[in-house]
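> Got a predicted structure here, sequence first:
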Amino acid sequence: MEKRRLGQTDMYVSSVGLGCMGLSHASGTPTPKQEAIHILQEAFRMGYNLFDTAECYTGVNPDGTISNNEEIVGEAIKDFRDEIVLCTKFGVTHKGDHLEFDSSPRKIRESIEGSLKRLQTDHIDIYYQHRIDPKVEPEVVAEVMKELIQERKIKAWGISEVNEDYLRRAHAVCPVTVIQNRYSMMARWHEPLIKVCQELGITYIAFSPLANGALTGAYHSQADFQNDQQDFRRNMPQYSETGIVKTNQLLEVISKMSEQYQATNAQISLAWMLGKFDNIIPIPGSRKIERLASNFEAGNIQLLDEDIQMIDHQLANMEFEVFGGH
């Protein structure tokens with residue numbers, strides 16, 4: 001499989017990375033810890049070498065205890081820690097129905113020590129600011145990142161859910177290696193930012209590359225998720241009555257190409273973005289080992305340019321109801 005470089009660093013990873021969030025956060029009741037560890041270890045054996053987590057990815061186990069994603073990832077990877085690129089994030093706290101942001105230097109320092117302990121490591125390869133904190137200027141955050149790099153607590157840094165102005169200002173102080181924003185066939189509003197990243201030599205990490213599962217074709221309505229209060233998809237607009245109609249119009253297009261390439265809908269969706277941009281790395285996640293294997297193999301599928309253009313032409317004439325939509 002093709003390797004892709006992370007920014008201007010010496011870190012190269014497989015073209016499909018692994019989003020670990022769903023094992024314990026936002027996708028329902030957390031996966032039992034030992035099962036989650038096994039899934040992550042199997043992912044490494046498949047070839048995944050970019051693992052993405054965050055300090056705020058937590059969920060509540062059936063017994064009332066907290067499932068902490070960083071702790072699970074740290075336990076899973078300890079035997080192959082030096083063979084992967086480990087990414088985590090700071091600056092977000094979940095407060096019921098809203099998020100609180102804190103990217104103050106004091107909070108960053110507190111967060112890095114907590115993440116290092118939970119991940120059982122002495123350094124983070126990519127350390128993300130999880131969300132822009134309107135109370136803290138980008139230059140201030142970048143200066144702290146520069147210090148953490150000098151202290152060898154992190155190798156490089158990135159920003160999630162960033163805009164062009166913030167990115168350019170931060171990059172001028174301490175070069176940004178990656179950004180992590182939403183991107184999929186159903187969420188293309190950041191395409192101008194992908195081109196900014198190409199200009200600056202920054203890698204674009206695409207989260208929710210399958211539109212929170214909508215592009216797999218495996219789900220049919222919000223009712224598929226109603227039995228689990230911890231599954232955020234239960235209220236996502238792509239699964240509403242009108243949203244699913246619009247989603248299905250796209251799935252008809254993808255399915256025809258899936259037959260042509262003898263691939264799954266998810267594989268075509270991932271191969272599409274890999275073929276469009278050479279600086280993008282999608283990070284789908286799943287609790288199912290067979291689906292992780294299928295997603296990873298998408299990195300070996302090369303769509304013809306005319307097929308990518310055909311999909312883009314179809315997308316230009318479609319509108320979607322999708323979580324995070326602009």
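Looks like it came in fine.
> Nearest the geometric middle of the chain, what residue?
Among the residues of the chain, F207 comes closest to the average C-alpha position under Cα atoms, centre = their mean, at 3.0 Å.
> Please report how far that one lies from G324.
10 Å (Cβ to Cβ, to the nearest Å). Using the backbone N, CA and C atoms, a C-beta is placed for each residue, glycine as well.
> intersection of neighbour lists for those two?
Shared contacts of F207 and G324 (Cβ atoms under 8 Å, 6 or more residues apart in numbering): R182.
> Okay, and S111 sits in which element?
Using DSSP states H and E, S111 falls within helix 105-118.
> contacting residues around that helix?
55, 68, 70-71, 74, 88, 90-91, 122-124, 127, 140-141, 143-144, 148, 153-154.
> Which pLDDT does the model give M273?
The score at M273 is 98. That number is its pLDDT.
> what's the distance between it and R106?
In terms of Cβ to Cβ, M273 sits 38 Å off from R106.
> Settle it for me: which of these two has more neighbours?
M273 (22 against 9; other Cβ atoms under 10 Å).
> Next, the contact list for that one, please.
Y183, S184, M185, A206, P209, I280, P282.
> Next, count neighbours for the fifth one.
By the other Cβ under 10 Å criterion, the neighbourhood of P209 contains 30 residues.
> The closest residue in space to it that isn't next to it in sequence pairs with what?
Nearest non-adjacent residue to P209, counting by Cβ to Cβ, 6 or more residues apart in numbering: P282, 3.6 Å away. Beta-bridge partners for P282, by DSSP bridges, are A206.
> While we're on P282, how confident is the model there?
98.
> again with H220
pLDDT at H220 comes out at 69.
> could you show me where the strands are in the stretch 51-200 of the chain, in order?
In the stretch 51-200 of the chain, strands defined by DSSP state E, counting those that start in this stretch lie at 58-60, 66-68, 85-90, 92-95, 98-101, 124-129, 154-160, 178-182, listed in chain order.
> The fourth one: which residues count as buried?
Within strand 92-95, the residues that qualify as buried by neighbour count (16 or more other Cβ atoms under 10 Å) are V92.
> Residues contacting that strand, please?
A54, E55, C56, T58, L99, E100, F101, D102, H130, R131.
> Kindly recompute the last result at 10 Å.
25-26, 54-58, 99-103, 107, 111, 128-131, 133, 160-161 (Cβ atoms under 10 Å, 6 or more residues apart in numbering).
> Let's see the ChimeraX selection covering just the buried ones among these.
Buried residues within those, by 16+ other Cβ under 10 Å, are selected in ChimeraX with:
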select :25,26,54,55,56,57,58,101,102,103,107,111,128,129,130,131,133,160,161
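> hang on, the earlier thing: let me know whether the residue nearest to P209 touches A187 as I believe.
No. If you go by Cβ atoms under 10 Å, P282 and A187 don't touch, sitting 11.9 Å apart.
> what sits in contact with each of these two?
If you check P282 and A187 against Cβ under 10 Å, 6+ apart, the residues they both contact are A206, F207, S208, P209.
> Distance-wise, check the last one relative to L193.
This means P209. 15 Å.
> Show me the helices in the protein, by range?
Here the chain has its helices, by DSSP state H, at 33-46, 69-77, 105-118, 138-150, 164-173, 191-200, 241-261, 265-276, 289-297, 305-315.
> Least confident of those, on average?
helix 241-261 (a mean of 93).
> Just the buried positions in that helix, please.
Quick answer for helix 241-261 (16+ other Cβ under 10 Å): G243, I244, K246, T247, L250, L251, V253, I254, M257, S258.
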